[in-house]
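>>> kindly generate the corresponding structure for this input.
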Amino acid sequence: MDFYNVVAGWTGWPPIVAGMLVLAGFAYWMLQRHIDILNEQKASLQSQLTIAKDHSPDTLAKQLTDRLHTYEHELVLMRQDKQTAQTTLKAKEAEIEAVQNQIAGLRDQILKASNLLQKISDYNLVCPHCGAPLIVREGHSEWGEYNGMEIEVDHEYSRFECGFEIFDGKGGDKCPRSSANMKQSSED
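Purely as a prediction, here's the structure:
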């Protein structure tokens, strides 16, 4: 307290208060700048998410299905028109067959991807919280005594890229990425 009185005696209180106001204004400006940067990053990530959703396999499958319905409708109209040339009719049928083959191929790819994701999840090859890949899986046995009998206990340790660890089927601390995601979503 004496320090402030000495400084106030040298300079007077108005310059000290003015200095504190300048520092407070600068801190407020820095905070606003940080908030603006975070808002820009959020907008950028949201636009990237929108673009990614527009190019998903489901969207492509829907577009191909819509195109198939359009071609089928055109084919029905051409069949009703008795003056339609046979070559045009065959070309449209070939287009429909090509679209049907594309849809079948896409369905096969989606099924394979779904099966692969299920296997990855079943064998615990990714973090159950954030999906980070497995980097270490070790197992070892330990001998102990129980009721006068020697028994062997198997232990398994798994660590994921995000830092989440599982020991004997029990997870340790929460996944760092999922807790960071939860904090970030609660701030938004």
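>>> could you list every helix and strand in contact with the helix or strand containing residue 58?
Applying DSSP states H and E as the criterion places residue 58 in helix 57-80. Using 3 or more Cβ pairs under 8 Å, 6 or more residues apart in numbering; DSSP states H and E as the contact criterion, the neighbours of helix 57-80 among helices and strands are helix 86-122. Where you see a C-beta, it was placed from the backbone N, CA and C, and this is true even at glycine.
>>> quick one: the helix it packs on to chain centroid distance?
On the basis of Cα atoms, centre = their mean, to the nearest Å, helix 86-122 is displaced by 26 Å from the centre of the chain it belongs to.
>>> can you name the element that comes right after that helix?
Beyond helix 86-122 in the direction of the C-terminus, DSSP H and E gives the next helix or strand as strand 134-146.
>>> what's in contact with the helix or strand just after that next one?
Scanning forward in sequence from strand 134-146, with DSSP H and E defining helices and strands, the next element found is strand 149-160. By Cβ atoms under 8 Å, 6 or more residues apart in numbering, the list of residues contacting strand 149-160 from outside reads 124, 126-127, 132-145, 165-169, 175.
>>> ok, the residue nearest to the spatial centre of the chain to residue 104 distance?
With distances taken as Cα atoms, centre = their mean, residue 130 lies nearest the centre of the chain, 8.0 Å away. Using Cβ to Cβ, to the nearest Å, we find residue 130 at a distance of 34 Å from residue 104.
>>> related to what we said a few turns ago, quick check on the contacts of strand 149-160: which are buried?
Among the contacts of strand 149-160, those that count as buried by neighbour count (16 or more other Cβ atoms under 10 Å) are 126, 127, 132, 134, 165, 166, 175.
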